[in-house]
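Enquirer: what follows is a predicted protein model with its sequence.
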Amino acid sequence: MANLPMFLTLISLLPFLCYSFSPENPTDRRILVVLDDIGLKSSHSIFFKSLQTRGSELDFKLADDPKISLQRYGQYLYDGLILFSPTTERFGGSLDLGAILDFVDSGHDLIITTDASASGLIRSIATECGVDFDEDPSAMVIDHTSYAVSDTEGDHTLIASDDFIQSDVILGSTTIEAPVLYKGIGHSLNSANSLVLKVLSASPSAYSADPNSKLSSPPLLTGLAISLVSVVQARNNARIMISGSLEMFSNRLFQSSAQKAGSSNRYEKSGNEQFVTELSKWIFHERGHLKAANVRHHKVGETDEPAMYRINDDLEYSVEIHEWSGKSWEPYVSNDVQIQFYMMSPYVLKTLSSDQKGKYFTSFKVPDVYGVFQFKVEYQRLGYTSLSLLKQIPVRPFKHNEYERFIKTAFPYYGASFSAMAGFFIFTIVYLYYK
C-alpha cells in the first residue's frame, strides 16, 4: 500500500507522456502557455486557435500559478513554452530563469513576447537567448517615416514593417504582401551570438525612445540595428522566438487594415496573422525539420557493412534525408550535402550525388593511410535543423601476404641493385686476372 500513491501519480502522467513530442511526428505537441492576464486567452485567440488546429495541445496557466512546472520526476511535460507574461517579475511554482534555460538546453522550443512594461525577468531570459532590449524601460520603437496610417495612433509608435528575412524555410514560400503592424520595444542582437537572426527588422528611420518626452540625447538603438522579431536555433536544434510586441499577436492587429505611410497601397488585412502563423510553424518544427535514416557504407560490389576497411579499398556511402512537411515526411532534395572521411582532418571531402528522392550517395577510394577514421556528415543550412552523422571505422594496412610480389614502381630500384652487383662482379674479375 505504501507504493499506491506513487503508482497513481505515474498513471496520472501517462496522458502527458503519450502526447509528448515525437521526432517521427513533430506536429503532435503539448505547449505550456503562461499568461499574466487571463484576458489574453480571448484577445489573442486567433493565434492560439491556429496552433490548436495544427495539432498542438495548449495548457494555459497564469504566471503566478503555484503549480506551474515544466517537468515531473525527470520527465518534461511539455514540448514548447509560450511566455505571454511581459510584466511578470517572478513565476509561480518551479518555473524560473534556470528552469526555462534547462528546458531549451533539453531541445525544447520557446516563444518570448513582451512590451513596454517588460520586467527584469523577461529581459534576463531574452539576454540569455542572445538579444538585448533597450535599457530605457519607457522606450518604444518610433518611426516617423514607416509608421502605420491610423486614425487613433498619432505618436508613430504603431509602425508598419515589411523588412522580412529572405528565407522560404522560416517564413514559408507564400510572399507576405501586407506589412506587419508592430507596437512595442526594440532589441539588438548580441554580436557574440552567431545563432540569433533578425526575422523582422525596423526601417533605417526608426529609433527607440520614450514617445512621451523630448529627446535630450541620441537614442541607443537606431535604424537597422533595431530588431523587432528575432529567432534562435540552438546547436541542439531547439528554436526560440523573441518579440518586443505582445500586441502583434492580438486579434485586433490580426484583423486590422494596414497602410504604410508614404505608400498608396492599402491592405484590408495586415500581414500579422500570416507572419506569426508561418513563423510559429517554423518555431515548432512544422517546417525545416530534417531527419537522416539508412546510413550505409560498404565495399564496391558488396552489400554488407564491413568491420574495417583496408587502405586503397573502393567503398560506397549512402544516406537518406527527409523533411517534415507539416503532415508527413517528404524527400529532401539538395545539391550541397557533403561527406568527410575524417581522421584529425578530412582526407576525403566529396559532395554527395542525389537521386532526387531523398537518397544521397557517393563512392571513393580509402586513403593510403591507416588508423581510425570517421564517416562525417555535418549539414547546417539556414532555417533547417542541423544534421550531424558520425560513424567510426578502422582502416588497416596491407597484410604481409597481400602485397604484390613485385611492385612496378620499384623496378628502377631493382635495376639499380642488380646493376651494382653485376658491376662489382666485373670489377672483381678485372682486378684479379688482369694486370
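Expert: Thanks, I have it. Residues are numbered from 1 along each chain as shown.

Enquirer: any idea which residue is closest to the centre of this structure?
Expert: Gln233 (3.3 Å; CA atoms, centre = their mean).

Enquirer: so who does that residue touch?
Expert: 195, 239-240, 383, 385-386 (CB atoms under 8 Å, 6 or more residues apart in numbering). Just so you know, the C-beta spots here come from the backbone N, C-alpha and C atoms, and that holds for glycine as well.

Enquirer: show me which of those residues are buried.
Expert: Among these, those classed as buried by neighbour count (16 or more other CB atoms under 10 Å) are 239-240, 383, 385.

Enquirer: returning to what we had before: identify the farthest-apart pair in the contacts of Gln233.
Expert: Across those, no pair lies farther apart than Ile240 and Ser386, at 15.1 Å, counting by CB to CB.

Enquirer: narrow the buried ones among the contacts of Gln233 to those in strands?
Expert: Counting by DSSP state E, the buried ones among the contacts of Gln233 place 239-240 in strands.

Enquirer: got CSV for the buried ones among the contacts of Gln233, with pLDDT too?
Expert: CSV is the format used below for these (pLDDT from 0 to 100):
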residue, pLDDT
Arg239, 95
Ile240, 96
Gly383, 91
Thr385, 93
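
Enquirer: can you pull the poorly scored residue ranges out of the stretch 201-350 of the chain?
Expert: For the stretch 201-350 of the chain, applying pLDDT under 70 flags no range at all.

Enquirer: got phi/psi on Ser256?
Expert: phi -80, psi 150 (degrees, to the nearest 10).

Enquirer: residues near the residue nearest to it when sequence neighbours are not counted, how many?
Expert: When the adjacent residues along the chain are set aside, Ser256 lies closest to Ser270, with 5.2 Å between them (CB to CB, 6 or more residues apart in numbering). Summarising burial for Ser270: neighbours were counted as other CB atoms under 10 Å, giving 25.

Enquirer: with the one 4 residues further on instead?
Expert: When neighbours are counted by other CB under 10 Å, Gln274 registers 19.

Enquirer: could you dump the host helix or strand of it to CSV, C-alpha only?
Expert: Assigned by DSSP states H and E, Gln274 belongs to helix 272-283. Extracted in CSV, the C-alpha atoms of helix 272-283 (Å, rounded to 0.1, in the frame of the first residue of the first chain):
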residue,chain,number,x,y,z
ASN,A,272,0.4,39.9,-38.8
GLU,A,273,-1.6,36.7,-39.0
GLN,A,274,0.3,35.2,-41.9
PHE,A,275,3.7,36.3,-40.4
VAL,A,276,3.0,34.9,-37.0
THR,A,277,1.4,31.7,-38.2
GLU,A,278,4.2,30.9,-40.6
LEU,A,279,6.9,31.8,-38.1
SER,A,280,5.3,29.7,-35.4
LYS,A,281,5.2,26.7,-37.8
TRP,A,282,9.0,27.0,-38.1
ILE,A,283,9.4,27.5,-34.3
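
Enquirer: next one: it to chain centre, how far?
Expert: 16 Å (CA atoms, centre = their mean, to the nearest Å).
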